[in-house]
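*Asks:* Model the structure of this input:
(one chain, ligands or ions: 1)
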Amino acid sequence: TTSFSPGSRSILRDIGSNDISDHKDNAVELNATNFDSVFQDTPAKFAVLEFFAHWCPACRNYKVNIAIHCPLFNFYTLRFSFPSNCFLITFLAEQMNIKLCDKFSIKRYPMLFWGPPSKFVGGSWEPKQEKSEILVVEEWRTADLLLGWINKQLGSSYGLDDQKVGNDHLLPNISDHEQISQAVFDIEEATEEAFDIILSLKAIKSSETGASFIRFLQLLVPHHPSKRCRKGSAEILMNFDDLCPAGECSYDSGVNNTLRNFHICGNDLPRGYYMFCRGSKNETRGFSCGLWILMHSLSVRIEDGESQFAFTTLCDFINNFFMCDECRRHFHDMCLSVKTPFKKARDVVLWLWSTHNKVNERLKKDEDSLGTGDPKFPKIIWPPKQLCPSCYLTSTGENIDWDHDEVYKFLKRYYGEKLVSSYKKKSAGGVSKEEVVVAAAEEMSVPRNALVVPVGAALAIALASCAFGALACYWRTQQKNRKHHHNPHYLRRYSSNYLVMNTFSNIESEREKER
Ligand SMILES: Cc1cc2nc3c(=O)[nH]c(=O)nc-3n(C[C@H](O)[C@H](O)[C@H](O)COP(=O)(O)OP(=O)(O)OC[C@H]3O[C@@H](n4cnc5c(N)ncnc54)[C@H](O)[C@@H]3O)c2cc1C
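*Replies:* Below you'll find the predicted structure:
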């Protein structure tokens, strides 16, 4: 038997497996406090909201039935997502959540509702309410009943044997113009998952790995495409020297003031699923895809003065914290092959793009011969012509003559504006105002008047006052008195020319002004 912790969504994951006792509870708590934000946070068009009670055997039994008999549900419950953009949320009706139960007039368990997620935000339901967009799901006891009911609402004809419907609203990457908007969610997910992995493997274990982690945060604070990740990174950065004095982080859970008390992108992450990066098989894509997208989206946001810093930071981050050994080593070799420091942001963007293509090329051969790739997402040299015709000067067979100016323009658009505007466009023409609020990614530019100081300034102040956590310490000091110093030793050590020293709030207020 499995016990589900009160209020958690663990049951969703648990029913994803036929052996429902397999899974650990690592799910995000859904409760009266985050109820609205969870609904706001999804680009899904429809949601199934379930009120259940942990003592209600029927609640559990019908889910097991669904999990075993309908792979389609298996998929969406596992991934929280459903064909036609629908997802299931379970909600435990216990004492602390009683007000919400009242708002939805819950009189029995389980009770399932169907509607656009935005309608659940601050929403309510009454039995005789007419014209409500929230409907009670009447048929839910078995997989085919529930599927039949949903088919009726959607005018679709999904069948119990459908295996891969989870991806049918996502186009393959060849035509992923519109889908890139969803990548913001994956960028957040990958950022938080990377942080989780670092914590669970206790990967910050020396002053070197600590410094690498700090530099990564320094890159995220001004440039992460998601505002809440920028904020979360800033918080960790500011507290880092307290959290990891002398490079010794405490990883104990249940202890105050440890890294575990922090989330880079917010308490409700990681969500446990990917959207743009979702594979057609469970074991493909996901985190590593999200990590690439994160790196590309960072690269197009940096300024020339940060080029070498961004390059070494990404290289070191992968080398220290991406725990796929083969990936790490190959990437590291490619980093080492760069002999001249980068001076232009454009060159970093193009280096990352071509490095990613080298990985694609290598993996394509492996995947073709071993059959280990995702059949829906074969490795390709990217971007394909369909996505960027002007990127191609000529191509004969395997040889492509790229127009690098066009490739650069395309990448800036795709991982910068496009990532933002598709999402906003979709929201504006789509369901509700709230969805715009959820847009985790906003503008791509760093404020023009960002204060840029020599990065060497960091060590002058920082080393003197805090042996380790130097950069975090400096960062804090900077906020207080903004003194500029220079220390060539630091430049050598971190091989970086400049560092944008903006406080998070400065950056955000600049962004507000620009808006
Ligand atoms: C640093 C790093 C090194 C890796 N090394 C290895 C390795 O050695 N062996 C291994 O088996 N796996 C490796 N991986 C994983 C592998 O690269 C893929 O991430 C994984 O196979 C999933 O592939 P995917 O189809 O989701 O596409 P990914 O390659 O993950 O790409 C994600 C998305 O990025 C876009 N994209 C594709 N190519 C480019 C490009 N050139 N420039 C910009 N955007 C692009 C596409 O939209 C694509 O869907 C590595 C991952 C990372 C982050």
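
*Asks:* quick one: low-confidence parts of the stretch 201-350 of the chain?
*Replies:* By pLDDT under 70, the weakly predicted segments of the stretch 201-350 of the chain are 253-255.

*Asks:* and it, which of its residues are near the ligand?
*Replies:* Contact residues (CB under 6 Å from any ligand atom) of the stretch 201-350 of the chain with the ligand: 277, 285, 288-289, 291-293, 296, 318, 322, 326-327, 330-331. All C-beta spots, glycine's among them, are computed from the backbone N, C-alpha and C.

*Asks:* out of those residues, who has the most neighbours?
*Replies:* Among those, the one with the most neighbours (other CB atoms under 10 Å) is Cys277, at 27 neighbours.

*Asks:* Surely that residue touches Cys289?
*Replies:* Yes: applying CB atoms under 8 Å, one finds Cys277 in contact with Cys289, separated by 3.6 Å.

*Asks:* between the two, what contacts are shared?
*Replies:* Here Cys277 and Cys289 share the contacting residues Asp186, Ala190, scored by CB atoms under 8 Å, 6 or more residues apart in numbering.

*Asks:* The residues of the stretch 201-350 of the chain next to the ligand in helices, which ones?
*Replies:* Counted as lying in helices by DSSP state H, out of those, are Ser288, Cys289, Leu291, Trp292, Ile293, His296, Ile318, Glu326, Cys327, His330, Phe331.

*Asks:* Roughly how far does Phe216 sit from Tyr273?
*Replies:* Using CB to CB, to the nearest Å, Phe216 is found at 24 Å from Tyr273.

*Asks:* Same question for Lys365.
*Replies:* From Lys365 across to Tyr273, the span is 30 Å (CB to CB).

*Asks:* Those two: which is more packed in?
*Replies:* Per other CB under 10 Å, whichever of Lys365 and Tyr273 has more neighbours is Tyr273, with 21 against 10.

*Asks:* gap between that one and Cys388?
*Replies:* Distance of Tyr273 to Cys388, given as CB to CB: 29 Å.

*Asks:* Show me the contact partners of stretch 120-136.
*Replies:* Contact partners of stretch 120-136, identified using CB under 8 Å, 6+ apart, comprise 35-36, 39-40, 47, 49, 103-105, 111-116, 119, 153, 434.

*Asks:* so of those, which ones are in helices?
*Replies:* Phe35, Asp36, Phe39, Gln40, Lys103, Lys119, Gln153, Glu434.

*Asks:* And the third one, how far from Asp401?
*Replies:* When you say that, I think you mean Phe39. In this view, Phe39 and Asp401 are 48 Å apart by CB to CB.

*Asks:* same question, the second one
*Replies:* From Asp36 over to Asp401 the distance is 52 Å, taken as CB to CB.

*Asks:* more crowded one of these two?
*Replies:* Shown here are Asp36 and Asp401; by other CB under 10 Å, Asp36 has more neighbours (14 against 9).

*Asks:* Please report phi then psi for the closest residue to the more buried one other than its chain neighbours.
*Replies:* Leaving aside its sequence neighbours, Asp36 sits nearest to Val121 (CB to CB, 6 or more residues apart in numbering; 4.8 Å). Recorded main-chain torsions at Val121 are phi -70, psi 120, according to degrees, to the nearest 10.
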